[in-house]
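Asks: please work out how this folds:
(chains A and B)
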2 protein chains.
Amino acid sequence: MDKNKGMLLEYYINKSNQFYRMANRALVYKKPTPISVVSVKYEKGKHTIEKGYYSTPSTTDYNGVYKGLYIDFEAKQTNSLTGLNINQIKKHQLLHIKKVYEHGGISFIIVYFVKLNKIYLLFCDKLLRFINNSNRKTINLNYFEENGFEVKLGVNPYIEYLEVIDEIIK
Amino acid sequence: MDKNKGMLLEYYINKSNQFYRMANRALVYKKPTPISVVSVKYEKGKHTIEKGYYSTPSTTDYNGVYKGLYIDFEAKQTNSLTGLNINQIKKHQLLHIKKVYEHGGISFIIVYFVKLNKIYLLFCDKLLRFINNSNRKTINLNYFEENGFEVKLGVNPYIEYLEVIDEIIK
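Replies: Reported below is the predicted structural model:
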């Protein structure tokens, strides 16, 4: 899988968020990747970073506001036809998703099954239920089908995930 | 003013957010500074950034969830004894603060008058009211006194800004 293909879901989500912002429907952004800057050169009125390292984020990648509510999520894509390996969700991401839920925010994962061209949204409570009740390392596709919401793939937005949020807040 | 002194408010806020997270009161983080990475070296299992530039953020520095509500703010400090120059609030920050407000989030600025050792929180509506009704380049201290909330300075948290949020949501 080449690098671009690995970023497909991220691309879809960024484009969807851009569309949602332009249509004034929600304000959701991807957080920048945290970088520890080691050395900076200042030249011709501009700072150039000469050395830095990627550092580990404490949160998920996306957050924002929709209808006054705090929303927060992580996006994962897989080539598997049968499920998502839970190791793809990092420990700090899972912890953050849980914390957001405890603070009354709306947190979830968006999972893209590339080869099926299907996207599912799974809310925090159902994600935790799986993790707390199973020793399996894979969340099977049918768990997503039964406990998650299929997200429409389209154009403007690419991924209509706010429709799913509407389902649970109405 | 040395660099560290210029970062004093940021330090206070980061420490306060850390405290709020540990005390399970709120989940608020500073967003990483966005950096455009130009070149990366991969060596000994580690990526080292060899060249990069700071890029312009689209949002404010801080956001998170408190009692299910989306909160979002920018922090400014000044050595002035009389007011805050509104040019210290960048255009994209002001626009973002306004957008958050329109989407039902709680947005504000936190301003630290270093030489007075006083901190004020000014909510979006009062900030916009000033900007829409005045040609002055400075938000005077007395505007903060009359339309903002003074924020307690202390220890754990350094800045008790959630108390102010409680005032308006109760």
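
Asks: wasn't A:L84 part of a strand?
Replies: Yes. Assignment of A:L84 by DSSP: H, G, I helix; E, B strand; the rest coil places it within a strand.

Asks: what separation is there between it and A:N156?
Replies: Noted for A:L84: a distance of 27 Å to A:N156, by CB to CB, to the nearest Å. Any C-beta I mention is one placed from the backbone N, CA and C, and that applies to glycine too.

Asks: so for these two, which sits in the more crowded spot?
Replies: A:L84 (24 against 12; other CB atoms under 10 Å in any protein chain shown).

Asks: what bridges to that one?
Replies: A:L84 has these beta-bridge partners by DSSP bridges: A:I139.

Asks: thought it was touching A:E74?
Replies: No. If you go by CB atoms under 8 Å, A:L84 and A:E74 don't touch, sitting 11.4 Å apart.

Asks: the closest residue to A:S16 other than its chain neighbours in helix, strand or coil?
Replies: What sits nearest to A:S16 in space, not counting adjacent residues and going by CB to CB, 6 or more residues apart in numbering or on different chains, is A:P157, at 3.6 Å. Following three-state DSSP, we place A:P157 in the coil state.

Asks: which ones are touching A:P157?
Replies: A:P157 is in contact with A:15-16, A:19-20, counting by CB atoms under 8 Å, 6 or more residues apart in numbering or on different chains.

Asks: enumerate the residues of chain A near chain B.
Replies: Within chain A, the positions near chain B by CB under 8 Å from any CB of the partner chain are A:21, A:24, A:26-27, A:29, A:31-35, A:37, A:46-54, A:57-59, A:63-72, A:96, A:99-100, A:102-105.

Asks: okay, and which of the residues you listed map to helices?
Replies: Applying DSSP state H to the residues of chain A next to chain B, the entries found in helices are A:21, A:96, A:99-100, A:102.

Asks: hey, where'd the strands end up in chain A?
Replies: Using DSSP state E, the strands of chain A run over A:27-30, A:35-43, A:46-54, A:62-66, A:69-78, A:83-85, A:106-113, A:118-123, A:138-140, A:149-151.

Asks: what does the most far-flung residue of chain A relative to its centre show for phi and psi?
Replies: Within chain A, the residue lying farthest from the chain centre (CA atoms, centre = their mean) is A:K44, at 38.4 Å. Main-chain dihedrals, A:K44, degrees, to the nearest 10: phi 50, psi 50.

Asks: what's the spacing between it and B:K90?
Replies: Taking CB to CB, one finds A:K44 at 22 Å from B:K90.

Asks: can you check A:I71 too?
Replies: Using CB to CB, A:I71 is found at 25 Å from B:K90.

Asks: the more surrounded of those two?
Replies: Higher neighbour count among A:I71 and B:K90: A:I71, with 23 against 13, using other CB under 10 Å.

Asks: my read: the more buried one touches A:L27, true?
Replies: No. Here A:I71 does not reach A:L27: they are 9.8 Å apart, not a contact under CB under 8 Å.

Asks: overlap in contacts of the two?
Replies: Here A:I71 and A:L27 share the contacting residues A:64-65, scored by CB under 8 Å, 6+ apart.

Asks: gap between the two ends of stretch A:98-108?
Replies: Stretch A:98-108 has an end-to-end distance of 9 Å (CA to CA, to the nearest Å).

Asks: tell me the buried residues in that stretch?
Replies: Buried positions in stretch A:98-108, judged by neighbour count with 16 or more other CB atoms under 10 Å in any protein chain shown: A:98-101, A:103, A:105-108.
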